[in-house]
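S.K.: give me coordinates for this.
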Amino acid sequence: MEQNTVQILPDATAKSLRFNKDGKFSIMHITDTHLDHDNIEASVWLIAAACDREHPDLVVVTGDNVQNDDDAAVTKKYIDKLMTVFQTRNIPVAITFGNHDSEVGAMSREELMAYYNTYSCSVSVDEGPLLSGCGTYHIPILASDSNEMRFNVWVFDSNDYDGNGHYGNVKKDQVDWYKAKSESTEKANGKKVYSFAFQHMIVPEVYDALIECKRRKLYSFEHINNKGTYYHFDPNGINFGTLNETPCSGYENDGQFEAMVERGDVLAMFTGHDHTNAFGVKHKGIDIVNSLSSRYNRDAFSSQYGYRMLRVDENNPSVYTSDVVHWFDMFTLTDAKKAEKNGDHFGAKLMKDVIRRGLREKMFLSFCRTSGALLSGRKVTYKH
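M.R.: Below is the predicted model:
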């Protein structure tokens, strides 16, 4: 009897990277930059400063990257600004897309990916027409002193919207590809290879790790697809960070998370989309994690945005560290004065703006979280 098989696409494997000589590997997660005419200079300057601070071995950018303009030349200029940050620093960068990247504008996902890949620092892959979306691939991380695969990075296009206008999700053909590739990777290496997964949209199973309540409370948020039900951290579960808004998962579910539970190789899934959420919950052995938006446009939350740093040791790849860095924690007035002295007037002004707005935001956030905890009698924020 003929069996259905999943084709393993040869171009769905990115160029391999390698652990450093000290056995360490670091990943910077940037997401939801939404670069456009109004925010691009400030956002790109801050991302560059973050790269100079962290010196990541890989940057993963998970969608809603640039405003897709009706003039492709304008869109390309936005991409140029972002990619030049990584190109000039020789930092490998992996790109995937969100719901807004090709929602409007002149360029398709495939055209966008092709342009990102004109930069040699890009390790992104257009896996071709046999999988849904554009930008589903994996990046092998080799040992520091051999070609043994010690870690893996899965990148998924969680697509844009379903047929009813709900947020998208990773489709069944992508899930089948993951399972087959995970199995072949295990076979080739003689054991499961621990990994991270990155994509724009969070999985619906995040709600299974939260607690439902029937009415809105200070520390709860309404389900994105089930109005009238509210969710908050489970005090008896493993939580980290702060839940500031509703987790906006897709409506449809083609089994991505359950496939990862079954395979047992994914330590954590990292998503964006929800700009102010910097939280994680553990569910069925996998950390479901959302990272902050990485743009800066001086709105009510801009200075609390930032990035996430992940670190893995090849000698113990089943364990990782995760740190959220807010823009408002990156600089001091001394840094601004130094930039001014060195002739970086734009950077000095920006740092002062971040510090000023950040002080106000930190006071407001501290008041709200402390008040919420006192009034509710429970913990509403956990260590990142």
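S.K.: show me what contacts the residue nearest to Y194 when sequence neighbours are not counted?
M.R.: Among residues not flanking Y194 along the chain, P317 sits closest, at 4.6 Å (CB to CB, 6 or more residues apart in numbering). Yep, even glycine has a C-beta here, placed from its N, CA and C like the rest. Applying CB atoms under 8 Å, 6 or more residues apart in numbering, we find P317 in contact with R150, F151, Y194.
S.K.: the residue nearest to E127 when sequence neighbours are not counted and V203: what is the separation?
M.R.: Distances taken as CB to CB, 6+ apart put A12 closest to E127, at 4.2 Å, once the chain neighbours are dropped. If you measure A12 against V203 using CB to CB, to the nearest Å, the figure is 21 Å.
S.K.: same question for R369.
M.R.: The gap separating R369 from V203 is 26 Å, by CB to CB.
S.K.: give the other helices and strands that the one helix or strand M83 maps to contacts.
M.R.: Per DSSP states H and E: M83 is located in helix 72-87. When contacts are defined as 3 or more CB pairs under 8 Å, 6 or more residues apart in numbering; DSSP states H and E, helix 72-87 packs onto helix 40-54, helix 109-116.
S.K.: give me that answer again for 6 Å
M.R.: helix 40-54 (3 or more CB pairs under 6 Å, 6 or more residues apart in numbering; DSSP states H and E).
S.K.: thinking again about what came up before, when A12 and V203 are compared, which one has more neighbours?
M.R.: For A12 versus V203, neighbours defined as other CB atoms under 10 Å are more numerous around V203 (25 against 20).
S.K.: in the sheet, which residues pair with the closest residue to L210 other than its chain neighbours? Tell me.
M.R.: Distance criterion CB to CB, 6+ apart; nearest residue to L210, sequence neighbours excluded, is Y231 at 4.0 Å. Y231 has these beta-bridge partners by DSSP bridges: E212, F221.
S.K.: give the burial count for Y231, as a bare number.
M.R.: Neighbours of Y231 under the rule other CB under 10 Å: 23.
S.K.: ok, M260 next?
M.R.: 25.
S.K.: try D70
M.R.: 10.
S.K.: repeat for D162
M.R.: The number of residues packed near D162 is 14, by other CB under 10 Å.
S.K.: what do you get for H55?
M.R.: Per other CB under 10 Å, the neighbour tally for H55 reads 10.
S.K.: state the distance from it to K24.
M.R.: Taking CB to CB as the measure, H55 falls 11 Å from K24.
S.K.: over to Y137?
M.R.: Y137 is 24 Å from K24, by CB to CB.
S.K.: who's more crowded, the two?
M.R.: More crowded of Y137 and K24, by other CB under 10 Å: Y137, with 25 against 14.
S.K.: what's near enough to touch the more buried one?
M.R.: When contacts are counted by CB atoms under 6 Å, 6 or more residues apart in numbering, Y137 touches A12, A14, V125, E127, V155.
S.K.: now do 10 Å
M.R.: By CB atoms under 10 Å, 6 or more residues apart in numbering, the residues touching Y137 are 9, 11-14, 94, 96, 123-127, 131, 153-157, 177, 181.
S.K.: bridged to it, which residues?
M.R.: Y137 has the following beta-bridge partners by DSSP bridges: V155.
S.K.: how near is the residue sitting nearest the centre point of the chain to V59?
M.R.: Centroid check for the chain by CA atoms, centre = their mean gives T271 as the closest residue, at 4.2 Å. Using CB to CB, we find T271 at a distance of 16 Å from V59.
S.K.: do the same with L131
M.R.: Between L131 and V59 the computed distance is 23 Å (CB to CB).
S.K.: list the contacts for the residue nearest to E127?
M.R.: Each residue near A12 by CB under 10 Å, 6+ apart is listed here: 125-128, 130-131, 136-138, 155, 177-178, 181.
S.K.: can we see that at 7 Å?
M.R.: V125, E127, T136, Y137, W177 (CB atoms under 7 Å, 6 or more residues apart in numbering).
S.K.: okay, and which of the contacts of Y137 map to strands?
M.R.: Cross-referencing these against strands under DSSP state E gives A94, T96, V153, W154, V155.
S.K.: ok, those residues vs T31, which is closest?
M.R.: Closest to T31 out of these is T96 (9.8 Å), distances taken as CB to CB.
S.K.: quick one: low-confidence ranges for the stretch 1-150 of the chain?
M.R.: Applying pLDDT under 70 to the stretch 1-150 of the chain flags the ranges 1-11.
S.K.: and if we set it to 50?
M.R.: Within the stretch 1-150 of the chain, the ranges that satisfy pLDDT under 50 run 1-6, 8-10.
S.K.: and the longest helix along the chain, what does it pack against?
M.R.: Using DSSP state H, we find that the single longest helix of the chain is helix 345-376. Counting contacts by 3 or more CB pairs under 7 Å, 6 or more residues apart in numbering; DSSP states H and E, helix 345-376 packs against helix 40-54, helix 333-341.
S.K.: who are the packing partners of the last one?
M.R.: Think helix 333-341. Applying 3+ CB pairs under 7 Å, 6+ apart, one finds that helix 333-341 contacts helix 345-376.
S.K.: show me how far the helix it packs on is from its chain's centre.
M.R.: Relative to its chain's centre, helix 345-376 lies at 23 Å (CA atoms, centre = their mean, to the nearest Å).
S.K.: show me which residues of it are buried.
M.R.: Neighbour counts using 16 or more other CB atoms under 10 Å place 347-348, 350-355, 357-358, 361, 365, 369, 372 of helix 345-376 among the buried residues.
S.K.: beyond it, next helix or strand please.
M.R.: Using DSSP H and E, the next helix or strand after helix 345-376 towards the C-terminus is strand 381-382.
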